[in-house]
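Novice: Could you look at this predicted model? Sequence included:
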Amino acid sequence: MTDDELSEAARSLHREWHSPHLWPAIATEIARIERAERRAHVLRRRWQRFAAAAMLVLAVGASVLLVRDRSSRDGRATPPIARAGDRLLSDEALSEVERAEAQYVAAIEGLAKKAGAITDTPASPVLANLRERLLVIDSAIADCRAEIERNRFNAHLRRQLLSIYQEKRRTLEQILEQEQHVS
């Protein structure tokens, strides 16, 4: 077969057809890929923020441990349980504080349930940021509770825990306000 015959055979095989759905299908697929890339970018940023918050919590925790370690080496370690005469809170005051704390925690948990569905799938970067703030606050609450377990009569720790709970309440209220603005 010569080159001319081969070219003639190739020309006879050439076919064209009408395909009205080809370009719209390509455009739809490109749009789907771009949306997926945007979602992946948002998730990466969200994880970066979470990692930064985790690093902050770890840094604060490490510094607290360092300070505690230094004070115990200097002989200024606080006893795990204060003697009854040295307590800042009496047993009655402690019971009253724990009762009030339980009521406050219950109220905050009710607020958290209202905001829970909103923070599971945040509709805006502000809500995502507030959700991450809640994670850091919950971690701080857990740390403070652990310290209180070591010394239940420490009034300073109780005030600090109250302050953290107030910040959680404010954050939950901001989440609910943001949801009203988005809706």
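Specialist: Good, I have the coordinates.
Novice: Just name the shakiest helix or strand of the chain by mean pLDDT.
Specialist: helix 91-120 (a mean of 78; mean pLDDT, DSSP states H and E).
Novice: packing partners for the helix or strand that it is followed by?
Specialist: Using DSSP states H and E, the helix or strand that follows helix 91-120 in sequence is helix 125-150. Under the contact definition 3 or more C-beta pairs under 8 Å, 6 or more residues apart in numbering; DSSP states H and E, helix 125-150 sits against helix 22-73, helix 91-120, helix 155-182. To be clear about C-beta, it is placed using only N, CA and C from the backbone, and glycine gets the same treatment.
Novice: and the first one, how far from the chain's centre?
Specialist: Right, the one you point to is helix 22-73. Chain-centre distance of helix 22-73: 9 Å, with C-alpha atoms, centre = their mean, to the nearest Å.
Novice: Give the rounded mean pLDDT of that helix.
Specialist: Mean per-residue pLDDT for helix 22-73: 85.
Novice: Report the central residue of this structure.
Specialist: Glu132 (2.7 Å; C-alpha atoms, centre = their mean).
Novice: follow-up on the earlier one: of the helices and strands packed on helix 125-150, flag the one that's most buried.
Specialist: helix 155-182 (a mean of 16; mean count of other C-beta atoms under 10 Å).
Novice: by how many degrees do it and helix 91-120 diverge?
Specialist: 30 degrees (axes from the mean of the first three to the mean of the last three C-alpha atoms, to 10 degrees).
Novice: Check which helices and strands helix 155-182 sits against.
Specialist: By 3+ C-beta pairs under 8 Å, 6+ apart, helix 155-182 packs against helix 91-120, helix 125-150.
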